[in-house]
Every structure is written in C-alpha cells, then in structure tokens.
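> Below is the structure, and that's it, no one-letter string:
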C-alpha cells in the first residue's frame, strides 16, 4: 500500500464508494445530502495540506515520505496542531464529498482513508522519522497529537 501515494488511495476509495452508491441506487441517509456543509468541508480540506506543502518548500525539505532521508522535521504551521495535516486534509476531503453527495456508501471513503493513513502510512513515516531524528522527534510526538 505504500507504493501508491495517499492521494491516489483517497481517489480510489472515493471512486469505489461512488460505484457502490450508484450500484445501490444512491441510498440516502436521513438528513443528507447537505451540499453547503459538504462544499465547506471540501474547501477546508485544502487549507492544511497546502499550508504544509508551502512550509516543506520554504524549509527546503522533502515532502515525499518514502524519501530515504529528510533534511529536517517541519513542526511549525499546521504541524503545531496535528502531526499529519496532509492526511487530515484527505480525510476531510472524502468526508466533505460524502456529506455533499449524501449516499451512505460514500461514508466508506473517509473511513477507509483514515484507516489506511492511520494504520499503514503514518506508522511507516513515524518509524522513519524516529530513526532519523531520535529524541527530537519523540519530544515532538509527546507535544502534538497524531490527528487533532
């Protein structure tokens, strides 16, 4: 699963959820869809990943988590509130689309994005950061939560 980047997994989960929704006739959940809330979540989903991307470029370090080494850890900006602002953005994006569409099978996508990030991608990245930055990374982990 590490060979495909998380945005590709997010797209796959959204497309599979949409296909299942279509196959089931777009079954709605009571109270959904909520297009204004869905659109707001989709828009908000881009804030922390874009901010993080800009910080990585400004700090002149690698954004690619499978890079053999990173020049330095980024702990400012959205990384003061969550260790994974890019993954958080992907989960919010999938959730926003699900709320916007309103079909209950679409809610599978944000859960799948969260699960894949939380139990596949993040542990790999945290182990790499811990090996590379040791106590400094451990200190950061004690100060900042994995999600929010």
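Received, thanks. Since the structure is predicted, the reported quantities are computational estimates derived from the model, not experimental observations.

> Could you list which residues are in contact with the spatially most central residue of the chain?
By CA atoms, centre = their mean, the chain has its centre lying nearest to residue 87, at 1.7 Å. When contacts are counted by CB atoms under 8 Å, 6 or more residues apart in numbering, residue 87 touches 6, 113, 117, 121, 122. To be clear about C-beta, it is placed using only N, CA and C from the backbone, and glycine gets the same treatment.

> biggest separation within those, which pair?
Across the contacts of residue 87, the longest distance by CB to CB is 11.8 Å; it joins 113 and 122.

> Can you list the buried residues in the lengthiest helix in the chain?
Using DSSP state H to define each element, the chain has its longest helix at helix 122-143. For helix 122-143, the neighbour count (16 or more other CB atoms under 10 Å) marks 122, 125, 126, 128, 129, 137 as buried.

> So what's the residue count around residue 8?
10 (other CB atoms under 10 Å).

> That one in helix, strand or coil?
helix (DSSP: H, G, I helix; E, B strand; the rest coil).
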